[in-house]
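**Student:** can you look at this prediction? I've put the sequence above it.
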Amino acid sequence: MAICLTMTAFKSAQAQPKGVKNIVLVHGAFADGSSWSKIIPLLEAKGFKVTAVQNPLTSLKEDVSAAKRAIALQDGPVLLVGHSWGGVVISEAGNGPKVAGLVYVAAFAPDNGESLNDVAKTESPAPGNEEVKADAFGFLSLTPKGIHENFAQDLPVAERKLILATQGQWAAFTTDEKVSQAAWHAKPSWYIVGGNDRMINPVLQRKLAKKLNAKTLEVNSSHVPMLSQPVKVASFIMDAAGKLDEKGLVSK
């Protein structure tokens, strides 16, 4: 017997995500919103509403403002995800009432009154830091060697070339700008460690995850696990969203 479904019935038959349905993604330095290009379709296929912020990378305040504008547009609680420098951004922007939880992806997670540099100096620097160069305008970029050998060494050459061509210039003084109130003190947190990260020392990442009391996943990846291992990263984000109820509380 043939079975016909109306469009309404078809939509209701589709699986809907549990917990928080709005996910806002915040990219890091030397990048833009396209760094989430492999994650977005995986999340959307499961019914999540996904927004990728475009950070100006000109100051902590302006990057936080960009994230807050994206959060304000959401129709309910938000899971806020930050990569690298984006971890600093979400630590400040995540204090808003709509933010239910935080996911750090190979990211810095400053405490109250701390800057990126304050966090970074607690462990030996990763080798990729030597390939960060400042220009005459006070903005930082990664050299070709930095991209190919340290930032995204586990991606195909064509993808590394694309990252190099599209990398965002990052205002150097932002590394000393301090987070006023770290949202992870009040919001449940998750952390993905890049086990072969050559930009942020994996030892530091593990230390930060422990400090945040974050549920942690370690993947055998470079600094960009969302590009080299998108299925694992997307699954981890979805799991975090599913652990949060509509009030932003962690479900048992």
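**Tutor:** Yep, that arrived.

**Student:** who's in contact with the spatially most central residue of the chain?
**Tutor:** Nearest residue to the geometric centre of the chain (CA atoms, centre = their mean): residue 82, 2.2 Å. When contacts are counted by CB atoms under 8 Å, 6 or more residues apart in numbering, residue 82 touches 26, 28, 88-91, 102-105, 107. Yep, even glycine has a C-beta here, placed from its N, CA and C like the rest.

**Student:** redo the residues you listed as CSV? Include secondary structure, neighbour count and pLDDT.
**Tutor:** Formatted as CSV, the contacts of residue 82 follow (DSSP: H, G, I helix; E, B strand; the rest coil; neighbours: other CB atoms under 10 Å; pLDDT from 0 to 100):
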residue, secondary structure, neighbour count, pLDDT
26, strand, 34, 98
28, coil, 28, 98
88, helix, 31, 98
89, helix, 31, 98
90, helix, 33, 98
91, helix, 33, 98
102, strand, 29, 98
103, strand, 29, 98
104, strand, 29, 98
105, strand, 33, 98
107, coil, 30, 98
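
**Student:** of all those, which comes closest to residue 221?
**Tutor:** residue 105 (9.9 Å; CB to CB).

**Student:** ok, what's across the strand from that closest one?
**Tutor:** Counting by DSSP bridges, residue 105 is bridged to residue 83, residue 192.

**Student:** from residue 124, how far out is the residue nearest to the centre of the chain?
**Tutor:** Relative to residue 124, residue 82 is positioned 23 Å away (CB to CB, to the nearest Å).

**Student:** quick one, helices of the stretch 101-250 of the chain?
**Tutor:** 116-120, 144-145, 157-166, 202-211, 225-228, 230-242 (DSSP state H, counting those that start in this stretch).

**Student:** so which of the contacts of residue 82 comes closest to residue 115?
**Tutor:** Of the contacts of residue 82, the one sitting nearest to residue 115 (CB to CB) turns out to be residue 88, at 7.8 Å.

**Student:** which residues touch residue 117?
**Tutor:** Going by CB under 8 Å, 6+ apart, residue 117 touches 175-176.

**Student:** how does it look with 10 Å?
**Tutor:** Residue 117 is in contact with 108, 110, 174-178, counting by CB atoms under 10 Å, 6 or more residues apart in numbering.

**Student:** who wins on neighbours among these?
**Tutor:** Neighbour counts for those peak at residue 108, which has 29 neighbours (criterion: other CB atoms under 10 Å).

**Student:** chain neighbours aside, what residue packs nearest to that residue?
**Tutor:** Nearest non-adjacent residue to residue 108, counting by CB to CB, 6 or more residues apart in numbering: residue 87, 4.5 Å away.

**Student:** does that neighbour lie in a helix or a strand, and which?
**Tutor:** Residue 87 is part of helix 86-93, with elements assigned from DSSP states H and E.

**Student:** relative to helix 202-211, how tilted is that helix?
**Tutor:** Between the axes of helix 86-93 and helix 202-211, defined by axes from the mean of the first three to the mean of the last three CA atoms, to 10 degrees, the angle is 20 degrees.

**Student:** would you mark the buried spots in stretch 234-247?
**Tutor:** 234, 236-238, 240-241, 243-244 (16 or more other CB atoms under 10 Å).

**Student:** do stretch 209-217 as well
**Tutor:** Here stretch 209-217 shows 209, 212, 214-217 as buried, counting by 16+ other CB under 10 Å.

**Student:** secondary structure element for residue 71, which one?
**Tutor:** Residue 71 is part of helix 60-72 when elements are defined by DSSP H and E.
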